[in-house]
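Colleague: Need coordinates for the below:
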Amino acid sequence: MKWNYEDERIYSINNENELMAEVTFAFIGDDEVDINHTYVNPVLRGQGIAGVMLKLLAEHLRQKGLKATASCSYANTWLKKNQATYSDIISEKLD
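Modeller: Numbers count the residues shown, from 1 in each chain. This next block holds a predicted model:
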């Protein structure tokens, strides 16, 4: 998949310009974001795409020196599950 990066969004589209996967986040401080939405097109669900997408986001946040919390339930669970690997990007505000 080809991933596109925007200010508060990472996403992938297919050749027909159809959204295949997306994660969005919003700044809640100068160096902190809230991961507020994840989406995977139904034709790709169950293939680990959401996990790949969150890993890309985590690496992106790490490069930018940002921390994350998550109001999106999937992202919240993913951050907690991967806390050992990404402890440097996880906000103290994570529930």
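
Colleague: Buried residues, the longest strand along the chain. List them.
Modeller: In terms of residue count, the longest strand belonging to the chain (DSSP state E) is strand 19-29. Across strand 19-29, burial judged by 16 or more other C-beta atoms under 10 Å covers 20, 21, 22, 23, 24, 25, 28. No exception for glycine: its C-beta is placed from N, CA and C like everyone else's.

Colleague: Also stretch 78-86?
Modeller: Under 16+ other C-beta under 10 Å, the buried positions of stretch 78-86 are 78, 79, 82, 86.

Colleague: quick one on the thing from earlier: now do the longest strand of the chain: everything it contacts.
Modeller: With C-beta atoms under 8 Å, 6 or more residues apart in numbering as the test, strand 19-29 has contacts from 1, 8-14, 33-41, 43-44, 49-50, 53-54, 57, 68-69, 75.

Colleague: can you tell me which of these are in helices?
Modeller: Among those, the residues falling in helices (DSSP state H) are 49, 50, 53, 54, 57, 75.

Colleague: can you redo these as JSON lines with distance to residue 93, neighbour count and pLDDT?
Modeller: As requested, the ones in helices among the contacts of strand 19-29 are exported to JSON lines (distance: C-beta to C-beta, whole Å; neighbours: other C-beta atoms under 10 Å; pLDDT from 0 to 100):
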{"residue": "49", "distance to residue 93": "27", "neighbour count": "18", "pLDDT": "97"}
{"residue": "50", "distance to residue 93": "22", "neighbour count": "19", "pLDDT": "97"}
{"residue": "53", "distance to residue 93": "22", "neighbour count": "24", "pLDDT": "98"}
{"residue": "54", "distance to residue 93": "17", "neighbour count": "25", "pLDDT": "98"}
{"residue": "57", "distance to residue 93": "17", "neighbour count": "26", "pLDDT": "98"}
{"residue": "75", "distance to residue 93": "13", "neighbour count": "26", "pLDDT": "98"}
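
Colleague: how close does the spatially most central residue of the chain sit to residue 15?
Modeller: Residue closest to the mean C-alpha point of the chain, counted by C-alpha atoms, centre = their mean, is residue 54 at 3.8 Å. Using C-beta to C-beta, to the nearest Å, residue 54 is found at 24 Å from residue 15.
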